[in-house]
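K.L.:
Sequence and predicted structure, then a few things I'm wondering about:
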Amino acid sequence: MREVIKTVGLTKMYNGFPALEKLTLTIGPDVCVGFIGPNGAGKTTAIKILTSLIRSTSGEAYIDGIDIQREPKRALMDVGSVVEIPEFYPFLTPIETLTYLGKLRGMGKDYLNARIKEVLDTLRLEEWTGTMIGKFSKGMKQRLAIAQALLHEPIVLILDEPTSGLDPRGMVEVREIIQELKKEKRTIFMSSHLLYEAQEVCDYVAMVDKGRLLYYDKVDNIGKLMGPRRLEMRTAKPLTEPQLNFLRGCDGVTDVELVQPMVINMRFEGSDEKRADILSSIIGEGALVVSFKASGMELEDLYMRMIGGS
Amino acid sequence: MPKSMMPSDFEQYITVVRYELLGYLRKKRLWAIIAIVFMVFFLAFLLPPALGHDYPAAFRDYSQGYLGFVGILVLLCATFFGSDALVTEFQQKTGFVVFPNPVRRLVIGLGKFSASMIASVFVISIYYGLIALFVGGLYKEVNVELVYSFLIAIMYLSAVVGVAYFISSVMKGTVGSTLLTFFLFLLILPMVGGALMLADVEPWFLVTHGGDAITHVMDPGYTPGKECIMGGSMCFFLPDIYVSVAVMAVYLIVFLILAFFMFNRREMVG
């Protein structure tokens, strides 16, 4: 398998304190990997090493087989990145900024002009093309940061909390952009505080805490690891005792709990088909079901199990 | 449609220079310093007759007085264009956008330095151009020593900007970097030079001492070495012009190499 991003024993020490400890991670092509963990876990440190902003104390980092620390210019040629909430030269407009960065990347004039228009439209900055960035809000700067990361249509995107600083609408839009980029066969490595975001957008999840990698697998596999899922059922009328007993007797259902008269939580282990059977059966028993859905997220459960107590 | 091709270091260098110069124009620093140049020129031109004095009889006397401001002008250029050039990428966090691009930091540093020098040389040239025009009209002569003075001023400028870049590469903030650059050349080094002269030591190795050569070169009878006044109770040293130029070259090379080394090593933390 082609290794688009690879780190081997990547370690970064700050005054004897390990910000990142022996991170070994291999990311293949055309996948989106969510890099999650609490504040100070080492997410941004790893991303900074991968974007040549800092050097590792030991270990190696490669982009498409090129050592980022030995040959940063070559390694970064096909990488787009957003690290922290970046600042731009306040005396330039978005068009001038993108032209500057595009020229540094060797983009041809026509291609650059076309891409500038595209990314500014995509990030809803088309009305601000001639405004000095010094007048921009934090959210607008974040959108421009994403625009410059997409400018050269990179194969690899490294994003450090890309929705940070955005309003709810901006967050949704950025998630949609990332979903679109996934369809275009790009490798995306993004850190996030938002577990919902990571589970919704990413194919894989890498979990770090205190500089160490705790978990790295497909998002789809988290369910298998976590065992029974929490389900929540809401009804229009309170369930009768026979209906509750019926629910308790369903295959795969455990821990049925009446949280409120019309809200029932339960644990369930089994396939989606089995879950659908339970729903149709309880409706058959006369229950007026308003909603029947997973409560909480598997990733959240995993996170709390691995990191929550630390 | 051609997409991206790995640009050469030189192409990237030109891009950096162009955008840095655009920054000087947009930030109004260049205009501010040009305004100072014209203000000084007009004061030197208008004040003597306004105060009822004649202009000095000799072209050299007038020029020497006028050129006394070049040292300050060089310092202003280094402060305006060099003192925060590198540190700003870290403090203002613009490095988070610029550094992850496929461009060597040395190329960014060299581009910034070149832009600082272009802007500064432009300012110094205006200053010298004005005096050449004025004294040419007033005294009907422009001596070749004015050209020598200009060349020494550029050399001095390079050395001071080189030191400013070094300060900018190691300081944490733009304010500290700017103040240190300004007061280092305005107060600290001249005071050290003065103290050394009081101890009867020639401060030939101080770039500010050599900077005096900008005016001394205008005097054809100029003799470097120790000179005493007030019956020998107060002595000072006049710099050797060749030694001064050599010291400036050493300052430029050493401090610029150190600046780029530090800039390259510095990590984008925080």
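P.N.:
Nice, thanks for sending it over. The shown structure was predicted, so the numbers you read here are calculated from the model rather than taken from an experiment.

K.L.:
can you dump the C-alpha coordinates of stretch B:46-56 into PDB?
P.N.:
Taking C-alpha atoms only, stretch B:46-56 is exported to PDB below (Å, rounded to 0.1, in the frame of the first residue of the first chain):
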ATOM      1  CA  LEU B  46      15.500  76.800   4.000                       C
ATOM      2  CA  LEU B  47      16.700  77.300   7.600                       C
ATOM      3  CA  PRO B  48      20.100  79.100   6.900                       C
ATOM      4  CA  PRO B  49      18.500  82.000   4.800                       C
ATOM      5  CA  ALA B  50      15.400  82.000   7.100                       C
ATOM      6  CA  LEU B  51      17.600  82.600  10.100                       C
ATOM      7  CA  GLY B  52      19.600  85.200   8.300                       C
ATOM      8  CA  HIS B  53      22.700  83.000   7.700                       C
ATOM      9  CA  ASP B  54      24.600  82.500   4.500                       C
ATOM     10  CA  TYR B  55      25.200  79.000   3.200                       C
ATOM     11  CA  PRO B  56      28.800  77.700   4.000                       C
END
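
K.L.:
buried ones in that stretch?
P.N.:
Using 16 or more other CB atoms under 10 Å in any protein chain shown as the burial criterion, the residues of stretch B:46-56 that qualify are B:Tyr55, B:Pro56. Where C-beta positions appear, they are placed from N, C-alpha and C, glycine not excepted.

K.L.:
how far does it sit from the chain's center?
P.N.:
29 Å (CA atoms, centre = their mean, to the nearest Å).

K.L.:
Touching that stretch from outside, list them.
P.N.:
Taking contacts as CB atoms under 8 Å, 6 or more residues apart in numbering or on different chains, the residues outside stretch B:46-56 that touch it are B:Tyr62, B:Gly65, B:Leu138.

K.L.:
again, only using 6 Å
P.N.:
Taking contacts as CB atoms under 6 Å, 6 or more residues apart in numbering or on different chains, the residues outside stretch B:46-56 that touch it are B:Tyr62.

K.L.:
One more: stretch B:204-220?
P.N.:
Contacts of stretch B:204-220 (CB under 6 Å, 6+ apart): B:60, B:63-64, B:67-68, B:70-71, B:145, B:148-149, B:152-153, B:156, B:159, B:185, B:189-190, B:193, B:203, B:222, B:239, B:241, B:243-244, B:247-248, B:251.

K.L.:
Just the ones of the residues you listed in helices?
P.N.:
B:60, B:63-64, B:67, B:70-71, B:145, B:148-149, B:152-153, B:156, B:159, B:189-190, B:193, B:241, B:243-244, B:247-248, B:251 (DSSP state H).

K.L.:
Quick check, central residue of the chain?
P.N.:
This is for chain A. Among the residues of chain A, A:Ala198 comes closest to the average C-alpha position under CA atoms, centre = their mean, at 3.4 Å.

K.L.:
that's the wrong chain, I wanted chain B
P.N.:
Closest residue to the average C-alpha location of chain B: B:Leu157 at 2.8 Å, with CA atoms, centre = their mean.

K.L.:
Dihedrals phi and psi, the residue nearest to A:Phe35 when sequence neighbours are not counted?
P.N.:
With CB to CB, 6 or more residues apart in numbering or on different chains as the measure, A:Ser191 is the residue that lies nearest to A:Phe35, at 4.1 Å, once sequence neighbours are left out. Backbone torsions for A:Ser191, taken as degrees, to the nearest 10, come to phi -90, psi 150.
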